[in-house]
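Visitor: Got a predicted structure here, sequence first:
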Amino acid sequence: MKKIIVLLIFMILLSGCGQTKNEVNILNWSSYIPDEVIRDFEEEYNIKVNYNTYSSNEECLAKLQAAKSGTYDLIFPSDYLVELLIDKEMIQTLDKSKLTNLSNLNPNFLNLEYDPNNKYSLPFLAASVVIIYDSDFVDGEITSYNDLLNPQYKNNIVLLDDQRIIIGLALLALGYDMNDTNEEHLEEAKEWLLELKPNIKAFDSDSPKTFMITKETKIGVIWNAEAGLAMNELDNLKVVYPEEGFNISIDNFAMPVNAKNVDNAYKFIDYILRADVMQKIIEEYPYKNLNIKTQELLSDTYLNNIATNVPDDYFKEGIFVKNIDEAIINYDRVWASIK
Amino acid sequence: MNRNLKFICLAPVVIYALILIFFPLIYILFISFQTSDNYGGIIYVFTIYNYIRIFDPVYLKVFFNSAIIGLFVTLACLLIAYPFSIFVSEKKPHIQKLLITLVLIPFLTNSLIRTYGWIVLLRKEGIFNTILESLSIIDNPLSFMYNNLGIFIGLTYTLLPFMILPIYNSVSKIDKKVIEAARDLGAKPLNIFFKVIVPSTYSGIFNGCIMTFIPAIGMFFIADLLGGGKTMLIGNLIKNQFLVSRNWPFGSALSIFLIIVTFLLVRLYKKLGGKLDDLGGF
């Protein structure tokens, strides 16, 4: 009996320390890279991809912190998370000489404030938050967040379920900075959102386009790609970049410190930066493309829609979410009081 | 050998309970007294601030709303489960087994997927509204979901088996002779029900209520999917501390608070004369 148990324990212990396999561990946003692209990579390079997902930057951070160091080789943090990860020394510097397709990246999106000289990160895709509305339902047009307060829109709006973006939107509507931490301003933002609340049907970040496509809601404040996909389904949808300002974000490639399969991660980045691969990604998830070569391959439907192909001069006006340290407690309170 | 065998048989359960339940709980208790660094990290400085913060009116409101929803769900489950359990317990044994198995079958599918199923049924252009409209019963689609009604429907559906099982358990244990005796002594059906059947199933009722109420205020995904994310349950609040506000100590304090509430409810049950053994699950 004893021998069997000892043997079993021995086997269990052994199974934990198998030899290093040819693999790469990726932690990415959900609905961001089509399965087909991953499968093609696995076949072409004979590298197994272990793919995990998250649906917010905070979840990405939580998963990184909860996992043993070295669990993930490649992550896709947004701008402000990159800044934080650099600050906390959680990601490593990139060796760009290992990337042959680096020149495909649009230089306008390199060397940005959150990571000067792109020492630690390289841009993958960019997104913006837009208003989308059914022009048959809305009398006249919507041009600003304050237009959303119209009582006629009762129970007809879907918003992203994201406290920084939505409270930021209220701050913008009131004429403040999107990353304002002044407590009185936040109190006003809370009141503004409570005024908007009767019009809100739902908060959803996972698939807000579904609310528009099923006509559950007539107005949405959602990601640009979601807006683009909804517009492909319905003809009478209009997209607006609100006059008070709007949120943008850039998601990036980054490698956590102690990553085990660094070379495979570089291969994956280089593969994604290939024009034809990025084309497949954009066709499925039409966020703003940052690859110059891919831009030539994309369809007119994508290129002519300001929701999907966000014009560069619009994007320049967009506002990033910034780290706000302990003020996050006040954001949390506002969020709990409007729900 | 006998003792060794006992030890070996028990060991997996003990190890399981220690590693996956006891130690994590101790860890949660520990970090609930630490300070957050606002980035999901923990600064090891002792504080009771996280527990004081629970009593901020903003969060108390979340507790209050959750409790109201939880109570309605518990009541609805009780009203459905009780007659059902009596109905089942009066059938022949093999029919009883079949019916109880049917109650358990939904567990074979992940509750998240079943919740998505409800979206297809309840939404504006969903199956219920389409049927009601085509039968000309309603002119405009009804709002079954993206409000508290949606949360109520989703929670009642998901938690009903947790109410049925303990109640069925205690109802089926009632000695039929006791009921006959009551009848022979001239008790009317209503009296038999309230004075004989109900009192002998108190433990099942209480067990079912706890097993329904506590998960009801914690099931954040139902509030998000069927309530449109507009109502925060305690579960949403706790989830947000870990995944949005990056404040693990406060999230832990909220979890500990929820555990304390559960214990208090069990204590209340004991005070009222219930026996812990009858609760089975506890």
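Guide: Received the coordinates, thanks.
Visitor: host element of residue 169?
Guide: Picking chain A for this. helix A:163-173 (DSSP states H and E).
Visitor: Can you look at chain B instead?
Guide: helix B:148-171.
Visitor: quick one: buried residues of whichever helix or strand comes after that helix?
Guide: For helix B:148-171, the succeeding helix or strand toward the C-terminus, using DSSP H and E, is helix B:176-184. Within helix B:176-184, the residues that count as buried by 16 or more other CB atoms under 10 Å in any protein chain shown are B:179, B:182. To be clear about C-beta, it is placed using only N, CA and C from the backbone, and glycine gets the same treatment.
Visitor: model confidence over helix B:176-184, on average?
Guide: Averaging pLDDT along helix B:176-184 yields 90.
Visitor: now stretch B:252-261
Guide: 94.
Visitor: And the contacts of it?
Guide: Contacts to stretch B:252-261, defined as CB atoms under 8 Å, 6 or more residues apart in numbering or on different chains, come from residues B:25, B:28-29, B:31-33, B:50-51, B:53-54, B:214, B:217-218, B:234, B:237-238, B:241.
Visitor: so how many other residues sit close to A:Glu195?
Guide: Under the neighbour criterion other CB atoms under 10 Å in any protein chain shown, A:Glu195 is assigned a count of 13.
Visitor: wait, doesn't it sit right on A:Leu149?
Guide: Yes. Using CB atoms under 8 Å, A:Glu195 is in contact with A:Leu149, at 5.9 Å.
Visitor: secondary structure class for the residue of the stretch 201-339 of chain A found nearest chain B?
Guide: Closest contact between the stretch 201-339 of chain A and chain B, by CB to the nearest CB, is at A:Ala202 (2.9 Å). In three-state terms, and counting by DSSP: H, G, I helix; E, B strand; the rest coil, A:Ala202 is strand.
Visitor: any idea of the pLDDT on it?
Guide: For A:Ala202, the model assigns a pLDDT of 95.
Visitor: got a list of contacts for the helix holding A:Leu169?
Guide: A:129, A:144-146, A:159-160, A:177-180, A:185-186, A:189-190, A:192-193, A:196, A:203, A:221, A:242, A:244-247, A:319, A:321, A:331-332, A:334-335, B:240, B:244-245.
Visitor: ok, which residues in the stretch 151-282 of chain B are in contact with chain A?
Guide: B:224, B:228-232, B:236-237, B:240-247 (CB under 8 Å from any CB of the partner chain).
Visitor: Among those, which ones are in strands?
Guide: Nothing among those maps onto strands, per DSSP state E.
Visitor: mind listing the strands in chain A by residue range?
Guide: A:23-29, A:48-54, A:74-75, A:122-134, A:157-159, A:200-203, A:219-223, A:237-240, A:248-253.
Visitor: Now tabulate the ones you listed in a markdown table and tack on mean neighbour count.
Guide: Listed next are the strands of chain A as a markdown table, based on neighbours: other CB atoms under 10 Å in any protein chain shown:
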| stretch | mean neighbour count |
| --- | --- |
| strand A:23-29 | 21 |
| strand A:48-54 | 16 |
| strand A:74-75 | 26 |
| strand A:122-134 | 23 |
| strand A:157-159 | 26 |
| strand A:200-203 | 25 |
| strand A:219-223 | 27 |
| strand A:237-240 | 20 |
| strand A:248-253 | 24 |
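Visitor: To B:Leu98, which of the ones you listed lies closest?
Guide: Proximity to B:Leu98, assessed across the strands of chain A by CB to CB, is greatest for strand A:200-203 (39.5 Å).
Visitor: so what does that closest one touch, helix or strand wise?
Guide: Judged by 3 or more CB pairs under 8 Å, 6 or more residues apart in numbering or on different chains; DSSP states H and E, strand A:200-203 is in contact with strand A:157-159.
Visitor: What mean pLDDT does stretch A:38-53 get?
Guide: Computed over stretch A:38-53, the average pLDDT equals 95.
Visitor: Figure out the length between the terminal residues of that stretch.
Guide: Stretch A:38-53 has its terminal residues 13 Å apart, counting by CA to CA, to the nearest Å.
Visitor: quick one: contacts of that stretch?
Guide: Under CB under 8 Å, 6+ apart, the answer for stretch A:38-53 is A:21-30, A:32, A:63, A:72, A:264, A:267-268, A:271, A:277.
Visitor: I'd like to know which residues of chain A are adjacent to chain B.
Guide: Checking chain A against chain B by CB under 8 Å from any CB, the hits are A:1, A:5, A:56, A:58-59, A:61-62, A:65, A:84, A:88, A:155, A:161, A:163, A:197, A:200-204, A:214-216, A:325-326, A:328-329, A:331-333, A:335-337, A:339.
Visitor: Tell me which residue of chain B lies closest to chain A.
Guide: For chain B, CB to the nearest CB, closest residue to chain A: B:Gly228, 2.9 Å.
Visitor: Give the residue spans of the stretch 201-339 of chain A that score low on pLDDT.
Guide: Judged by pLDDT under 70, the stretch 201-339 of chain A has no weakly predicted residues.
Visitor: Chain B too?
Guide: Looking at chain B by pLDDT under 70, you get B:1, B:273-282.
Visitor: sorry, back to before: send me the helix holding A:Leu169 as PDB with only the CA atoms.
Guide: The C-alpha atoms that make up helix A:163-173 are tabulated as PDB, following Å, rounded to 0.1, in the frame of the first residue of the first chain:
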ATOM      1  CA  GLN A 163     -16.400  52.900 -14.400                       C
ATOM      2  CA  ARG A 164     -13.500  54.900 -15.600                       C
ATOM      3  CA  ILE A 165     -14.900  55.500 -19.100                       C
ATOM      4  CA  ILE A 166     -18.500  56.200 -18.000                       C
ATOM      5  CA  ILE A 167     -17.600  58.400 -15.100                       C
ATOM      6  CA  GLY A 168     -15.100  60.000 -17.400                       C
ATOM      7  CA  LEU A 169     -17.800  60.600 -19.900                       C
ATOM      8  CA  ALA A 170     -19.900  62.400 -17.300                       C
ATOM      9  CA  LEU A 171     -16.900  64.600 -16.300                       C
ATOM     10  CA  LEU A 172     -16.500  65.500 -20.000                       C
ATOM     11  CA  ALA A 173     -20.200  66.300 -20.300                       C
END
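Visitor: sorry, back to before: mind listing which of the contacts of helix A:163-173 are in helices?
Guide: Counting by DSSP state H, the contacts of helix A:163-173 place A:185-186, A:189-190, A:192-193, A:196, A:331-332, A:334-335, B:240 in helices.
Visitor: Tell me the one of the residues you listed nearest B:Val103?
Guide: B:Asn240 (33.0 Å).
Visitor: That closest one contacts A:Arg333, doesn't it?
Guide: No. Contact status for B:Asn240 versus A:Arg333: not in contact, 11.4 Å apart, counting by CB under 8 Å.
Visitor: okay, these two: which has more neighbours?
Guide: B:Asn240 (23 against 20).
Visitor: Quick one: residues contacting the more buried one.
Guide: A:163, A:332, A:335, B:232, B:251.
Visitor: quick one on the thing from earlier: quick check: neighbours shared by B:Asn240 and A:Arg333?
Guide: Common neighbours of B:Asn240 and A:Arg333 (CB under 8 Å, 6+ apart) do not exist.
Visitor: Can you give me the end-to-end span of stretch B:88-97?
Guide: Termini of stretch B:88-97 sit 9 Å apart (CA to CA).
Visitor: Please compute how far that stretch lies from its chain's middle.
Guide: 25 Å (CA atoms, centre = their mean, to the nearest Å).
Visitor: from what I can see B:Ile205 touches B:Ile167, true?
Guide: Yes. Here B:Ile205 reaches B:Ile167: they are 6.3 Å apart, a contact under CB under 8 Å.
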